[in-house]
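*Asks:* generate a structure from the sequence data that follows.
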Amino acid sequence: MDIINEITRSHRELHESGETKTLVLTRRYDAGTEDVWDACTNAERISRWMLPITGDLRLGGNYQLKDNAGGEILHCERPSLLKVTWAYGPGPASEVEVRLTAEDGGTLFELRHTAVPPPDMWSQFGPGAVGIGWDLALLGLSMHLTGGMIPDHDRMHETEEGRQFITESSQAWGEAFLAAGATAEHAAAATKATTAFYAPTPE
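*Replies:* Sure thing, here's the model as predicted:
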């Protein structure tokens, strides 16, 4: 699989309401809805394409991704809707919602991440700080569904192809930031800062 082309398979939007920001990622997978649903809710499969996960994976239960986010399962309607709280680091928990819709033998996948980010972080990085992480996750899911080799997200920046993926993801989120009303200067600065964070220049 050409992982660079995976960037163009997703549509990115940013919605802002005061301090609340919602990142939206939409893309199509060729796999059927039941298969995509199982990949997103089965602990063993989540561990293969995202991160090891523990917890009580049912409505009202809690989950924890290894060395990453955890939270509560708020809504679970098989095979179309999953909504969870997403707590990572200090500050209030955010919410992540995944909607699956059958489409021409495949699945339309929509992810919405709603949060109130720290103002200084948002000013410096914009939506790319979180958006690149989700692009990497959706790449892993795509590889999992097609039987491809799932990249190590923590080492993506060490390969030329990985650095290109991160750079183009950052640029795509910069464009979404601009479309949502950011100035060209702010969007460009946020894109540069985000790219440097995820793919620092090799020494």
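*Asks:* where do the strands of the chain begin and end?
*Replies:* For the chain, the strands defined by DSSP state E occupy 10-17, 20-29, 53-55, 62-65, 70-77, 81-86, 94-103, 106-115.
*Asks:* between those, which one is closest to I166.
*Replies:* strand 10-17 (14.2 Å; CB to CB). For every residue, glycine as well, the C-beta is placed using N, CA and C.
*Asks:* just checking: what are the partner strands of that closest one?
*Replies:* Partners of strand 10-17 in the sheet, by DSSP bridges, are strand 20-29 (antiparallel).
*Asks:* thinking again about what came up before, need the strands of the chain in CSV (columns: distance to T41 and mean pLDDT).
*Replies:* Formatted as CSV, those follow (distance: least, CB to CB, whole Å; pLDDT from 0 to 100):
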stretch, distance to T41, mean pLDDT
strand 10-17, 21, 98
strand 20-29, 15, 98
strand 53-55, 10, 97
strand 62-65, 10, 98
strand 70-77, 8, 97
strand 81-86, 7, 98
strand 94-103, 9, 98
strand 106-115, 13, 98
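*Asks:* can you list the ones you listed in TSV and add distance to A176 and mean neighbour count?
*Replies:* Shown next, in TSV, are the strands of the chain (distance: least, CB to CB, whole Å; neighbours: other CB atoms under 10 Å):
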stretch	distance to A176	mean neighbour count
strand 10-17	4	16
strand 20-29	8	18
strand 53-55	28	15
strand 62-65	25	17
strand 70-77	24	16
strand 81-86	19	18
strand 94-103	17	17
strand 106-115	13	18
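*Asks:* could I get these as CSV with distance to R163?
*Replies:* Listed next are the strands of the chain as CSV, based on distance: least, CB to CB, whole Å:
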stretch, distance to R163
strand 10-17, 19
strand 20-29, 21
strand 53-55, 28
strand 62-65, 25
strand 70-77, 30
strand 81-86, 27
strand 94-103, 27
strand 106-115, 24
